[in-house]
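*Asks:* next input, structure requested:
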Amino acid sequence: MSNTTLSIAIMSGKGGVGKTSLALNLACALHQNSFKTLLIDCDLGLANLDVLLGITPEGNLQNVLLGDKPLEEVLYPVEKHGFDVLPAASGVPELVDMNADTRDLLLRRLEPSLGRYDFVFMDLGAGISDTVQSFAAMAALRIVVVTPEPTSLTDSYAMIKVLNNRYGLRNFMVVVNEAASVKEAQDTFEKLAGACRHFVHFEPVMLGPVRFDENVSEAVCRQKPLMRCYPGTPAAQDIQNIAQRLQKARLNMLDWLGQRGILHLDV
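*Replies:* Residues are numbered from 1 along each chain as shown. Purely as a prediction, here's the structure:
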């Protein structure tokens with residue numbers, strides 16, 4: 001059976017840009033649009049998706065890797081009928097510094113169960129560690145989350161450059177988070193795109209802005225997805241727009257997806 005699952009790595013050059021919250025709410029928005037979604041916490045140094053959801057999971061990614069439990073036993077259902085989370089374990093050395101053998105074993109353990117989902121999101125740790133690079137290269141698409149801060153832009157450009165040099169990756173999409181306005185988001189994207197155009201000779205694609213919204217922090221404090229408790233707010237509307245663009249991207253990629261594994265790494 002041909003693969004129809006779109007795997008997406010959500011990443012950032014630096015921490016503190018709202019990456020995990022965005023990953024959670026994108027997955028939630030797609031589920032609200034009747035798609036089956038899985039969100040994997042791949043921040044293996046500082047896992048915090050369980051904190052955002054206010055859950056205490058009974059198992060995690062480490063249990064799957066070690067063979068202690070099958071994937072089905074450690075998935076946490078955020079919503080019934082197709083919105084699940086795979087929690088991570090914080091500070092586990094063999095996962096933080098994942099070697100090729102560990103990575104291949106994890107792929108074998110995960111891959112057979114991923115085909116039930118339409119979208120698989122991987123929330124990666126910030127920065128460009130070898131483990132982050134491996135996860136980023138496994139995905140069919142990469143979303144780079146930036147903010148208007150100059151340090152966010154420079155670190156994100158460095159991450160794109162490293163992944164292009166090491167893996168030949170060119171298909172990056174950008175979300176400008178916490179933007180004061182759509183214009184600020186577009187200006188921020190143009191700075192990143194200009195650097196990529198000049199130095200690595202390709203441009204990422206602007207996926208969309210997410211405007212600054214006080215309700216995002218309120219949802220974090222309530223430990224619930226923004227899309228569930230404040231669905232009509234500016235940030236939620238922007239996230240819904242991005243989710244619809246991802247739906248279209250998946251449809252356009254179906255032929256290509258059918259020729260690859262859900263998570264696939266050529267090294």
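*Asks:* relative to A137, how far out is T154?
*Replies:* For T154, the distance to A137 (Cβ to Cβ, to the nearest Å) stands at 22 Å. Placement of C-beta: from N, CA and C, glycine included.
*Asks:* where exactly do the strands run in the stretch 51-200 of the chain?
*Replies:* Along the stretch 51-200 of the chain, the stretches classed as strands by DSSP state E, counting those that start in this stretch are 76-79, 83-86, 119-124, 141-146, 172-179.
*Asks:* pLDDT weak spots in this protein?
*Replies:* 1, 45, 90-96, 266-267 (pLDDT under 70).
*Asks:* isn't I160 up against F172?
*Replies:* Yes - in this structure, I160 is within contact of F172 by Cβ atoms under 8 Å, at 5.6 Å.
*Asks:* need the overlap of contacts for the two.
*Replies:* Counting by Cβ atoms under 8 Å, 6 or more residues apart in numbering, the shared contacts of I160 and F172 are 144, 204.
*Asks:* neighbour count for those two, which is higher?
*Replies:* Set I160 next to F172 and count neighbours by other Cβ atoms under 10 Å: I160 wins out with 27 against 24.
*Asks:* contact partners for that one?
*Replies:* So I160 contacts 144, 172, 196, 200, 204 (Cβ under 8 Å, 6+ apart).
*Asks:* can you put those in JSON lines and add distance to E214?
*Replies:* Output for the contacts of I160, formatted as JSON lines (distance: Cβ to Cβ, whole Å):
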{"residue": "V144", "distance to E214": "24"}
{"residue": "F172", "distance to E214": "29"}
{"residue": "C196", "distance to E214": "32"}
{"residue": "V200", "distance to E214": "36"}
{"residue": "P204", "distance to E214": "28"}
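*Asks:* tell me the one of the residues you listed nearest R228?
*Replies:* Proximity of those to R228 was ranked by Cβ to Cβ; the top entry is V144 with 25.5 Å.
*Asks:* how much space between the closest one and V132?
*Replies:* Using Cβ to Cβ, V144 is found at 12 Å from V132.
*Asks:* overlap of the contact sets of the two?
*Replies:* The contact sets of V144 and V132 overlap at M11 (Cβ under 8 Å, 6+ apart).
*Asks:* distance check, the closest residue to N48 other than its chain neighbours against L49.
*Replies:* Take N48 and drop its neighbours on the chain: the residue closest to it by Cβ to Cβ, 6 or more residues apart in numbering is T20, 6.1 Å away. Counting by Cβ to Cβ, the gap from T20 to L49 is 6 Å.
*Asks:* quickly list what's touching both of these two.
*Replies:* 41, 43, 123.
*Asks:* returning to that earlier point: secondary structure class for the residue nearest to N48?
*Replies:* Following DSSP: H, G, I helix; E, B strand; the rest coil, T20 is assigned to helix.
*Asks:* OK, contacts around it?
*Replies:* Contacts of T20 by Cβ under 8 Å, 6+ apart are 41, 43, 48-49, 52, 123.
*Asks:* on that earlier part again, which of the shared contacts of T20 and L49 sits closest to S113?
*Replies:* Lowest distance from S113 to the shared contacts of T20 and L49 (Cβ to Cβ) belongs to D41, with 16.1 Å.
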